[in-house]
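*Asks:* Got a sequence here, can you build the structure:
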Amino acid sequence: MSEGTVSEGAMKRRKGGRSLSPRAQSVWSIVQLLIGSVIVAISFNMFMVPSGIASGGVSGVSILVQRLTGITPALTQWAINIPLFIAGLWLLGKRFAVKTALGSVILPLFVLLTDGWPSPTDNPLLAAIYGGIGVGLGLGLVFRGGASTGGLDLAAQILHRYTGLPLSLAIVCFDGCVIAAAGIIISPEVALYALIGLFVTSKTIDFVQSGLQLSKVAFIISDQSEAVAESILNDLDRGLTRLDGHGGYTGAGRTVLMVVVGQNEVPKLKQLVRAIDPGAFVIISNTAEVLGQGFKLESNG
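*Replies:* Numbering: from 1, shown residues only. Down below sits the predicted model:
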């Protein structure tokens, strides 16, 4: 059993945070979709297209089609996205459609509007890195808004739904096929650059979705746990949770304090613990995202 204790200051911060109304949340989601789609389109046309970096997805397929036929990527993306959207609507339901319809049309439109923008580099490695960052940043904003840009992710969801294949594996299979095709149609070297772009994109999406502020979670084992807890609650103004633990060797019961703090609060936390119990055992590790009790609230995302 664990006992959660939240400081008065943390409760005030939680109550003081205002959540957006459903209407405002919908508007903000559309704004994130539009901004993210613009960033994706610009990064795609300035970095990916000139170097032929087909790093998976419908965007990668559109680059390959352009190399083979000369058809502009936006037209290929519409030609693939719209039938996939209809199939998704039929097979996955209306709830799925609301989150995907706008993105399936808007992103190719911005790709068309930014077509031909000059690239700042002829180096395919730089293009893969910066293109991956830009595409990941844009997609991260779209995903934070609860939307989707459609594409082969829809095909992966359908495959996952009706075959039981893990979604992550289905996505990897589709992206892998696109990159392999790039190695055949363009060159093996370009396929390697595409892998770099895909890796950078995925890491950037994770970074954007996890938030820019990295929090820390600390586990504190001390003979003076009550005094340490009081100091954290009153001096650090952070809530904490008391966990029941037992020594692995002695079997004796111990109280483990768990507290989440901002990165800039770590030095003060260590100072408070050290002042009360210099022999305390403290574990501090990164945590990607924290919601509630003085931290970010899900409804504000």
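*Asks:* mind listing what's buried in stretch 237-255?
*Replies:* Buried positions in stretch 237-255, judged by neighbour count with 16 or more other C-beta atoms under 10 Å: 238-243, 255. (Each C-beta comes from the backbone N, C-alpha and C, glycine too.)
*Asks:* So for that stretch, mean pLDDT?
*Replies:* Averaged over stretch 237-255, pLDDT sits at 83.
*Asks:* ok, I184 - contacts?
*Replies:* Listed by C-beta atoms under 8 Å, 6 or more residues apart in numbering, the contact set of I184 is empty.
*Asks:* now swap in S225 and tell me
*Replies:* 242, 254-255, 257.
*Asks:* which residues touch Y130?
*Replies:* Per C-beta under 8 Å, 6+ apart, neighbours of Y130: 43, 47, 121.
*Asks:* how about the helices in the protein?
*Replies:* Per DSSP state H, the chain carries helices over the ranges 8-16, 22-43, 49-51, 57-69, 73-92, 94-113, 124-144, 152-163, 167-185, 188-210, 225-231, 266-276.
*Asks:* Tell me which strands the longest strand seen in the chain pairs with, and in which orientation.
*Replies:* Taking DSSP state E as the criterion, the chain has its longest strand at strand 253-262. Using DSSP bridges, the strands paired with strand 253-262 in its sheet are strand 215-221 (antiparallel), strand 240-246 (antiparallel).
*Asks:* before we move on, back to that, now the helices of the chain in a markdown table, with mean pLDDT?
*Replies:* A markdown table is the format used below for the helices of the chain (pLDDT from 0 to 100):
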| stretch | mean pLDDT |
| --- | --- |
| helix 8-16 | 42 |
| helix 22-43 | 88 |
| helix 49-51 | 93 |
| helix 57-69 | 92 |
| helix 73-92 | 85 |
| helix 94-113 | 81 |
| helix 124-144 | 91 |
| helix 152-163 | 76 |
| helix 167-185 | 84 |
| helix 188-210 | 88 |
| helix 225-231 | 91 |
| helix 266-276 | 90 |
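*Asks:* Quote the end-to-end distance of stretch 114-133.
*Replies:* One end of stretch 114-133 to the other measures 18 Å (C-alpha to C-alpha, to the nearest Å).
*Asks:* What residues of that stretch count as buried?
*Replies:* If you call a residue buried by 16+ other C-beta under 10 Å, then stretch 114-133 has these buried ones: 114, 119, 124, 127-133.
*Asks:* Stretch 278-285 too?
*Replies:* Applying 16+ other C-beta under 10 Å to stretch 278-285 flags 280, 282 as buried.
*Asks:* hang on, the earlier thing: can you redo the strands paired with strand 253-262 as TSV with distance to S37?
*Replies:* TSV is the format used below for those (distance: least, C-beta to C-beta, whole Å):
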stretch	distance to S37
strand 215-221	30
strand 240-246	41
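*Asks:* for stretch 176-194, the distance to its chain's centre please.
*Replies:* From the chain centre to the centre of stretch 176-194 is a distance of 25 Å (C-alpha atoms, centre = their mean, to the nearest Å).
*Asks:* Just the buried positions in that stretch, please.
*Replies:* Of all the residues in stretch 176-194, those buried under the rule 16+ other C-beta under 10 Å are 178-179, 182-183, 185-186, 190-194.
*Asks:* if I pick D122, what's in contact with it?
*Replies:* 50-51.
*Asks:* In this structure I39 contacts G140, no?
*Replies:* No: in this structure, I39 is not within contact of G140 by C-beta atoms under 8 Å, at 9.3 Å.
*Asks:* just to revisit the earlier point, quickly name whichever of the contacts of Y130 is closest to I86.
*Replies:* The shortest gap between I86 and any of those belongs to S43, at 27.7 Å (C-beta to C-beta).
*Asks:* Could you double-check that D153 lies in contact with D175?
*Replies:* No: shown here, D153 and D175 do not form a contact pair, counting by C-beta under 8 Å, at 9.8 Å.
*Asks:* shared neighbours of these two, which are they?
*Replies:* With C-beta under 8 Å, 6+ apart, D153 and D175 have common neighbours G57.
*Asks:* returning to that earlier point: columns distance to P267 on top of the contacts of Y130, output as CSV?
*Replies:* Shown next, in CSV, are those (distance: C-beta to C-beta, whole Å):
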residue, distance to P267
S43, 38
F47, 40
T121, 41
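*Asks:* Can I get stretch 266-281 in PDB, CA atoms only?
*Replies:* Taking C-alpha atoms only, stretch 266-281 is exported to PDB below (Å, rounded to 0.1, in the frame of the first residue of the first chain):
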ATOM      1  CA  VAL A 266      17.200  18.700  -7.800                       C
ATOM      2  CA  PRO A 267      20.100  20.600  -6.100                       C
ATOM      3  CA  LYS A 268      17.800  21.900  -3.400                       C
ATOM      4  CA  LEU A 269      16.300  18.500  -2.900                       C
ATOM      5  CA  LYS A 270      19.700  16.900  -2.400                       C
ATOM      6  CA  GLN A 271      20.700  19.700   0.000                       C
ATOM      7  CA  LEU A 272      17.600  19.200   2.100                       C
ATOM      8  CA  VAL A 273      18.100  15.400   2.300                       C
ATOM      9  CA  ARG A 274      21.800  15.700   3.100                       C
ATOM     10  CA  ALA A 275      21.100  18.300   5.900                       C
ATOM     11  CA  ILE A 276      18.700  15.900   7.600                       C
ATOM     12  CA  ASP A 277      20.300  12.500   6.900                       C
ATOM     13  CA  PRO A 278      23.800  12.400   5.300                       C
ATOM     14  CA  GLY A 279      23.500   8.600   5.000                       C
ATOM     15  CA  ALA A 280      20.200   8.600   3.100                       C
ATOM     16  CA  PHE A 281      20.100   6.500   0.000                       C
END
